[in-house]
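>>> curious how this folds, go ahead:
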Amino acid sequence: MDTIEIIPEPEAVITEDGYLFFRLPDGRYVDNPDNNDFVYDSLAQIIGTCDILSPSKTATHLAEFFGWTQQELEHSLKTLDFVYSKENSVQLKNGREIRWLTSPQSCTYVRVVQAGFELGYWACDDEHHWFEDVMGSLLACCAGQSIPAS
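Predicted coordinates:
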């Protein structure tokens, strides 16, 4: 299981001329995470050589690239400025991630993210206290962690 730190730099950027780059955990940006064909050492290096699209334009291009639904695109655009504390994550085979607040006892929300853009978010409300225990246990199990005692 990975722990996600708050990262001020985007996880994906698209240059004005249409090249898509993904941010690696070490801060480098690559055009193909599988083989690192073309690598920039930092976001500053990309910006120094070309312009990048705004986050909203990047989301729109990624929606087409990844096949997001209209609802997912709309949600990603509404949440561009949201910042979360440290999160746990599980990478799914389809390239998306399930993320939730790092907490040893409970899970108060879960969200689905792709290339750093939030596609969905579900939170516990006061009427459903069981949600914290059930989702915390489920996600801990999926991440290979011990299941917290109820």
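>>> low-confidence ranges, this protein, go.
Where the chain drops to pLDDT under 70, the residues are 1-8, 33, 35-36, 104-105, 125-150.
>>> and the strands in it?
2-4, 12-14, 20-23, 29-30, 39-40, 87-91, 97-101, 109-114, 117-123 (DSSP state E).
>>> figure out which of these is closest to Ile52.
Proximity to Ile52 (C-beta to C-beta) singles out strand 12-14 among the strands of the chain, at 4.7 Å. C-beta here means a position set from N, CA and C on the backbone, and glycine is covered the same way.
>>> which residues touch that closest one?
Contact partners of strand 12-14, identified using C-beta atoms under 8 Å, 6 or more residues apart in numbering, comprise 20-23, 29, 43, 46, 52-53, 57-58, 61-62, 115-117.
>>> how about 6 Å then?
The contact list for strand 12-14 (C-beta atoms under 6 Å, 6 or more residues apart in numbering) reads 20-22, 52-53, 58, 61, 115-116.
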